[in-house]
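>>> what follows is a predicted protein model with its sequence.
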Amino acid sequence: MFLSRRKLLNYINCTGIAAISTPIFGAMNTNGNTHHLDYFKFSIGNIKITVVSDGGFQLPISSIDINSTEESLKEHLRKYHMPDDHIYMNTNLAVIEVGENKLIIDVGSGSRFIGSTGKLFDNLSKANIDPDSITHVFLTHAHPDHILGIRDDFDETIFPDAKFMISEKEYNWWTKKDRVNEVEETFIQMVLWAQNSLKAIPEISLFTNEKSILPGITAFDTSGHSPGHSSILVESEGSKLIIGGDVFRNTYTSLKNPDFIPDTDMDPVKAKKTRNEILDLLTKEKIAYLGYHFPFPGVGHIIAHEKSYEFIPASIRW
C-alpha cells in the first residue's frame, strides 16, 4: 500500500513519534556498535571468499579531507544521515580459497590499536576457518589497522607456517634504518609499529609491480595511499573482484566526493591518480569491489554519476 507523506505525518502524530525532537534517521545511534559483524561468504566463479570482520574504530571528521573546513565536512556527513562528530571505519579482511590454499588479505589490528578491533580470530572461528589452514598472507600496506595483528599478545607471529607477501617498495620504505629520524614526530609511532610488525615475520616475500600469487589471484600496484600500497584482482569463470585495501576509505566520502584527500594519504597526488584509475576500471568493466573500510561486508559495485560515484552493496546477489 502506498503511504503518502500526509498519511505518514498523520501516523507519526497519532503514534507519538513526533515527540522525538530530532528526525527519525538522526535519532539512530551507532556508537554502541551492538550489531554483529562476523563473516560473510560468497564466490567469484569457483573461488570461494569469506569476508571476516576485525571490528572497527572511529576517527575524527578532520581525517576525511585535509582541505575542508569542519563545518563543510559536517554538512557533507549530514547530507547522508551520517554522524557529524566522527567517522566509523569497518575493517573487512578477506580469506580466499583456491584449491587447498587459503590466502588472507591483511591481518587487522590485533590488540594494539584503537577502538573495538582485534576480532579476527574470533570471527575466523565463527566462519569455521582454522587459523592453521591459512597458507598465504598478503599485506596491502603497512598502516597499523592492516598489520598490527601480525604479533599476538605473546609477541609471536600469527600464521607462523604461512607465506607472507608485501610489495618491495612498501617494505623498504617502512623498514629503512633511519626512517624514524626522517618523519614528523606525529608519524614516528606509525613507523615503529610497522617496523616491529614487519620484522617479526620470519620470512617475507617481496614483489614489484605485479605478481601472480595463486591461480586467479594477482597482486598489482595501487600506490599513493602509502608508498607501495597494493591491491588484489580475483578472476574466475568470467567474474572479477578487486580487493582494494585503502584505495577508497569510505563509501560516503571517497566516492561521493573523489576530490577529498584523507589525512592518511602519504602521497596525495599519486593517491588521487590511483583512485581515478581504479574508479575508471571498476565502472567501465563492471568489476565488483571489496573495500577494507566500507560498511560490512564491503562487497558490491561502484557506479558513476556526473561528478561522483555510488557504492551498490551486492550482498543479496550472493
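Sure thing, it's come through.

>>> could you measure from residue 290 over to residue 182?
Distance of residue 290 to residue 182, computed by C-beta to C-beta, to the nearest Å: 33 Å. C-betas here are computed from N, CA, C, even on glycine.

>>> what about the two, which has more around it?
residue 290 (25 against 10; other C-beta atoms under 10 Å).

>>> close enough to count as contact, that one and residue 94?
Yes: between residue 290 and residue 94 there is a contact at 6.0 Å, judged by C-beta atoms under 8 Å.

>>> mutual contacts of those two, please.
49, 51, 243 (C-beta atoms under 8 Å, 6 or more residues apart in numbering).

>>> what about the second one, how many neighbours?
Spelled out, that is residue 51. Quick note: residue 51 (other C-beta under 10 Å) scores 25 neighbours.

>>> hmm, it is touching residue 40, no?
Yes: contact criterion C-beta under 8 Å: residue 51 and residue 40 qualify, at 4.4 Å.

>>> show me where the stretch 201-318 of the chain has its helices.
For the stretch 201-318 of the chain, the helices defined by DSSP state H, counting those that start in this stretch occupy 268-285.

>>> run through it and note the low-pLDDT ranges.
315-318 (pLDDT under 70).

>>> and with 90 instead?
209, 258, 306-307, 314-318 (pLDDT under 90).

>>> all strands for it, in order.
204-207, 210-214, 217-221, 230-236, 239-243, 288-290, 299-304, 309-313 (DSSP state E, counting those that start in this stretch).

>>> out of those strands, deepest packed?
strand 288-290 (a mean of 24; mean count of other C-beta atoms under 10 Å).

>>> I figured residue 135 was touching residue 103, is that so?
Yes: counting by C-beta under 8 Å, residue 135 does reach residue 103; the two are 7.0 Å apart.

>>> compare the two (neighbour count), which wins?
Between residue 135 and residue 103, counting by other C-beta under 10 Å, residue 103 is the more crowded of the two (24 against 18).

>>> before we move on, what SS does that one have?
Using DSSP: H, G, I helix; E, B strand; the rest coil as the criterion, the local structure at residue 103 reads strand.

>>> ok, now which ones touch residue 299?
Here residue 299 is in contact with 40, 42, 51, 241, 288-290, 313-315, 318 (C-beta under 8 Å, 6+ apart).

>>> how about residue 288?
With C-beta under 8 Å, 6+ apart, residue 288 has these contacts: 44, 239-242, 299-301, 314.

>>> can you check residue 278 too?
Contacts of residue 278 (C-beta under 8 Å, 6+ apart): 222, 231, 242, 244, 247-248.

>>> sec struct for residue 49, please.
Under three-state DSSP, residue 49 comes out as strand.

>>> who's the residue nearest to it when sequence neighbours are not counted bridged to?
Leaving out its chain neighbours, the residue that sits closest to residue 49 by C-beta to C-beta, 6 or more residues apart in numbering is residue 96, at 5.4 Å. For residue 96, the beta-bridge assignment (DSSP bridges) gives partners residue 49, residue 103.

>>> which pLDDT does the model give residue 96?
On pLDDT, residue 96 comes in at 98.

>>> ditto for residue 155
87.

>>> same question, residue 13
47.

>>> the strand or helix carrying residue 52 relative to strand 239-243, how many degrees between them?
Using DSSP states H and E, residue 52 sits in strand 47-59. Interaxial angle of strand 47-59 relative to strand 239-243 (axes from the mean of the first three to the mean of the last three C-alpha atoms, to 10 degrees): 30 degrees.

>>> tell me the mean pLDDT for strand 47-59?
Here the average pLDDT along strand 47-59 is 94.

>>> below-threshold pLDDT in the stretch 51-200 of the chain: ranges please.
111-116, 152-156, 186.

>>> which residues of it fall in strands?
87-98, 101-105, 116-117, 136-138, 163-167.

>>> with distance to residue 60 added, can I get the ones you listed in TSV?
Output for these, formatted as TSV (distance: least, C-beta to C-beta, whole Å):
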stretch	distance to residue 60
strand 87-98	8
strand 101-105	27
strand 116-117	17
strand 136-138	30
strand 163-167	29
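
>>> among those, which comes closest to residue 76?
Of all these, strand 87-98 sits nearest to residue 76, with 10.6 Å by C-beta to C-beta.

>>> got the CA coordinates for that closest one in PDB?
Coordinates of each C-alpha in strand 87-98 appear next as PDB, following Å, rounded to 0.1, in the frame of the first residue of the first chain:
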ATOM      1  CA  ILE A  87      33.500   8.700  11.000                       C
ATOM      2  CA  TYR A  88      33.300   4.900  11.600                       C
ATOM      3  CA  MET A  89      35.800   2.600   9.900                       C
ATOM      4  CA  ASN A  90      34.900  -1.000   9.500                       C
ATOM      5  CA  THR A  91      37.800  -3.400   8.900                       C
ATOM      6  CA  ASN A  92      37.000  -6.200   6.400                       C
ATOM      7  CA  LEU A  93      39.500  -8.900   5.900                       C
ATOM      8  CA  ALA A  94      39.200 -11.400   3.100                       C
ATOM      9  CA  VAL A  95      40.100 -15.100   3.100                       C
ATOM     10  CA  ILE A  96      40.300 -16.500  -0.400                       C
ATOM     11  CA  GLU A  97      40.200 -20.300  -1.000                       C
ATOM     12  CA  VAL A  98      41.900 -21.600  -4.100                       C
END
